[in-house]
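1. Here you go, sequence then predicted model.
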Amino acid sequence: MLAGKRILLLVAGGIAAYKSLDLIRRLRERGASVRVVLTASGAKFVTPLSLAALSGDKVYGDLFSLTDESEMGHIRLSREADLLVVAPATANILARMAQGLASDLATTVLLATDKPVLAAPSMNTRMWEHPATRANIATLMSRGTLFVGPGAGNLACGEVGDGRLADVMDIVAAIESYFSASAPLAGKRALVTSGPTFEAIDPVRFIGNRSSGKQGHAIAAALARLGADTTLVSGPVAEPDPAGVRVVHIESAREMLEACQAALPADVAVCAAAVADWRVRDAAGQKMKKGASGTPSLDLVENPDILATLSAAGNARPRLVVGFAAETENVIANAQAKRAKKNCDWIVANDVSANAGVFGGDENTVHLISANGVEDWPRMAKDAVADQLAQRIRDHLSKVA
Ligand code: CTP
């Protein structure tokens, strides 16, 4: 249910902070990844070590840590999350959120985020009922903050009433219901190719290319986050398998084609792989040795074109076929020609000349080419390109339902 979802959990300082440990466990069991920001007072109740052990990630807490900020700035913490969850949300952090204070890492992230925020309040019942807290909750609700709980019951302070952190399973249910409402591609199938292909010369040598798979993997992850049932056919890459995505690992172009055909039918196919154009006609069965026969020459034959094959798949053709065009010159003109030649619907064109830093880099400058013309997108992180493209795919599929 939560496969592939990225949750940023902000743990504030309340007696219920220990329940965040169980919450992390439950969320991860459901396939979500959880990254934790811990406030200074939260750290009085639960240790960073326990949170790190359960989340499987570093715990962030210090706004002014040079290492943290260079590795993972506060903006990136929010950018790399689908939902921010404040649990427990104390009276203090709710007040700071309502005021727009950025007095520590947690509140700075909350102020800087454009992602939805779900808060699970937890405090003494008098604090919960105080007009100041009521006003803060009203302000936050009017700005779109989502709430779960608090529940009523015996409070740690000995009083009875509202203010108890919602049950962990109720917080999980609130998170699930948020995501099921935001899964516009639920019921749709997506196929993505990514990475290079390796074409054997002999058992130890191959023809390959510099594709890192970052862009293709990010697209598969973005489509899965929108709820699409996603298959990623990937050549050999160092990127980890994206969560919530079915990954088929292949090596050669012919294996990639076979895996793609096996993954049909699909509503959308995105071919982001850098498929080798040629393979060796007869790869040697044994390692080729230096010797009397001198320097070998390679007899190459053309590989099948996966994008063109999917575009020409007749009844099995995905409703939307998207290709990439890696170009080093005349980017737009070459990409337009490629779109026509391969008969795909859209082409994402990018400049892969050496000075563009696309191969292996984290950023990309692309142009989206369709029947409607050319859109120039600003330079952005590959993850952001993936999110934009996934949104566009969603818009398109919702129109041609
Ligand atoms: N592609 C494919 N199968 C191939 C070659 C390319 O599916 N055998 C796809 C890529 O995944 C990409 C698009 O075709 O979506 C364009 O790839 P690119 O390498 O830019 O173009 P080529 O067709 O290889 O043309 P050229 O090398 O002549 O530029």
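-> Arrived safely, thanks for sending.
2. need the residues of the stretch 101-250 of the chain near the ligand, please.
-> Counting by CB under 6 Å from any ligand atom, the residues of the stretch 101-250 of the chain close to the ligand are residue 193. C-betas here are computed from N, CA, C, even on glycine.
3. Can you pull out the low-pLDDT segments for the stretch 101-250 of the chain?
-> Applying pLDDT under 70 to the stretch 101-250 of the chain flags the ranges 155.
4. try 80
-> By pLDDT under 80, the low-scoring segments of the stretch 101-250 of the chain are 152-161, 181-182.
5. all strands of it, in order?
-> With DSSP state E, counting those that start in this stretch as the criterion, the stretch 101-250 of the chain has strands at 117-121, 146-147, 151-154, 160-164, 189-194, 199-200, 206-207, 229-234, 246-249.
6. nearest to residue 328, of the ones you listed?
-> Set against residue 328 and scored by CB to CB, those come closest in strand 206-207, at 18.8 Å.
7. Check which strands are paired with that closest one and give the direction for each one.
-> strand 199-200 (antiparallel) (DSSP bridges).
8. to the chain's geometric centre, what's the distance from the strand it pairs with?
-> Strand 199-200 sits 31 Å away from the centroid of its parent chain (CA atoms, centre = their mean, to the nearest Å).
9. What of stretch 136-155?
-> 28 Å.
10. which residues touch that stretch?
-> With CB atoms under 8 Å, 6 or more residues apart in numbering as the contact definition, stretch 136-155 has outside contacts at 91, 94-95, 97-98, 116-125, 128, 160-167, 170-171, 174, 178.
11. could you redo the last one with a cut-off of 7 Å?
-> If you take CB atoms under 7 Å, 6 or more residues apart in numbering as the criterion, stretch 136-155 is touched by 94-95, 97-98, 116-122, 124-125, 128, 160-167, 170-171, 174, 178.
12. Same check on stretch 124-133?
-> Outside stretch 124-133, the residues that touch it by CB under 7 Å, 6+ apart are 91, 94, 95, 121, 150, 155, 157, 159, 161, 162, 163.
13. Buried residues in that stretch, which are they?
-> Of the residues in stretch 124-133, 124, 125, 127, 128, 133 count as buried by neighbour count, 16 or more other CB atoms under 10 Å.
14. ok so, going back, just the buried ones among the contacts of stretch 124-133, please.
-> For those, a burial check counting by 16+ other CB under 10 Å picks out 91, 94, 95, 121, 150, 155, 162, 163.
15. could you measure the closest residue to the second one other than its chain neighbours against residue 97, distance?
-> What sits nearest to residue 94 in space, not counting adjacent residues and going by CB to CB, 6 or more residues apart in numbering, is residue 136, at 5.0 Å. When distance is defined by CB to CB, to the nearest Å, residue 136 is 8 Å away from residue 97.
16. Same question for residue 1.
-> Taking CB to CB, one finds residue 1 at 27 Å from residue 97.
17. ok, these two, which is more surrounded?
-> Ranked by neighbour count (other CB atoms under 10 Å), residue 1 and residue 97 place residue 97 first, with 23 against 14.
18. residues contacting that one?
-> With contacts defined as CB under 7 Å, 6+ apart, the neighbours of residue 97 are 107, 110, 140.
19. Only C-alpha atoms, please: export the helix or strand where it lies in CSV.
-> Element membership of residue 97 [criterion: DSSP states H and E] is helix 91-99. Below are the C-alpha coordinates for helix 91-99, written out as CSV (Å, rounded to 0.1, in the frame of the first residue of the first chain):
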residue,chain,number,x,y,z
ALA,A,91,1.8,22.1,21.5
ASN,A,92,5.2,23.8,21.1
ILE,A,93,5.9,22.6,17.5
LEU,A,94,2.3,23.3,16.5
ALA,A,95,2.7,26.8,17.8
ARG,A,96,5.9,27.3,15.9
MET,A,97,4.4,25.9,12.7
ALA,A,98,1.4,28.2,13.0
GLN,A,99,3.8,31.2,13.6
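20. for the residue nearest to residue 57 when sequence neighbours are not counted, helix, strand, or coil?
-> Distance criterion CB to CB, 6+ apart; nearest residue to residue 57, sequence neighbours excluded, is residue 35 at 5.1 Å. When classified by DSSP: H, G, I helix; E, B strand; the rest coil, residue 35 comes out as strand.
21. Number of residues surrounding residue 35?
-> So residue 35, with other CB under 10 Å, has 21 neighbours.
22. if I read this right, it contacts residue 8, doesn't it?
-> Yes: between residue 35 and residue 8 there is a contact under CB atoms under 7 Å: 5.3 Å.
23. Point out the most buried one among the strands of the stretch 101-250 of the chain.
-> Mean neighbours per residue, mean count of other CB atoms under 10 Å, is largest over the strands of the stretch 101-250 of the chain for strand 189-194, with a mean of 29.
24. And that one, what does it pack against?
-> helix 214-225, strand 229-234, helix 253-263, strand 268-271 (3 or more CB pairs under 7 Å, 6 or more residues apart in numbering; DSSP states H and E).
25. Indicate which one of these is closest to residue 61.
-> Nearest of these to residue 61, taken as CB to CB: helix 214-225 at 26.6 Å.
26. Between strand 189-194 and the closest one, find me the angle.
-> Here helix 214-225 runs at an angle of 160 degrees relative to strand 189-194 (axes from the mean of the first three to the mean of the last three CA atoms, to 10 degrees).
27. What angle do strand 229-234 and helix 214-225 make with each other?
-> 170 degrees.
28. So which elements touch helix 214-225?
-> Secondary-structure packing of helix 214-225 (3+ CB pairs under 7 Å, 6+ apart): strand 189-194, strand 229-234, helix 382-399.
29. centre of the chain versus the longest one, how much separation?
-> The one in question is helix 382-399. Worked out by CA atoms, centre = their mean, helix 382-399 lies 12 Å from the chain centre.
30. That one - what's its average pLDDT?
-> For helix 382-399, mean pLDDT is 91.
31. Only C-alpha atoms, please: export it in PDB.
-> Only the C-alpha atoms of helix 382-399 are listed here, as PDB (Å, rounded to 0.1, in the frame of the first residue of the first chain):
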ATOM      1  CA  LYS A 382      16.800  14.300 -12.600                       C
ATOM      2  CA  ASP A 383      14.300  13.500  -9.800                       C
ATOM      3  CA  ALA A 384      12.400  16.700 -10.600                       C
ATOM      4  CA  VAL A 385      12.400  15.900 -14.300                       C
ATOM      5  CA  ALA A 386      11.000  12.500 -13.500                       C
ATOM      6  CA  ASP A 387       8.200  14.000 -11.300                       C
ATOM      7  CA  GLN A 388       7.300  16.600 -14.000                       C
ATOM      8  CA  LEU A 389       7.200  13.900 -16.700                       C
ATOM      9  CA  ALA A 390       5.100  11.600 -14.500                       C
ATOM     10  CA  GLN A 391       2.600  14.500 -13.900                       C
ATOM     11  CA  ARG A 392       2.400  15.100 -17.600                       C
ATOM     12  CA  ILE A 393       1.800  11.400 -18.300                       C
ATOM     13  CA  ARG A 394      -0.900  11.500 -15.600                       C
ATOM     14  CA  ASP A 395      -2.600  14.500 -17.300                       C
ATOM     15  CA  HIS A 396      -2.400  12.800 -20.700                       C
ATOM     16  CA  LEU A 397      -3.700   9.400 -19.600                       C
ATOM     17  CA  SER A 398      -6.600  11.100 -17.800                       C
ATOM     18  CA  LYS A 399      -7.600  12.800 -21.000                       C
END
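32. Appreciated, that's everything.
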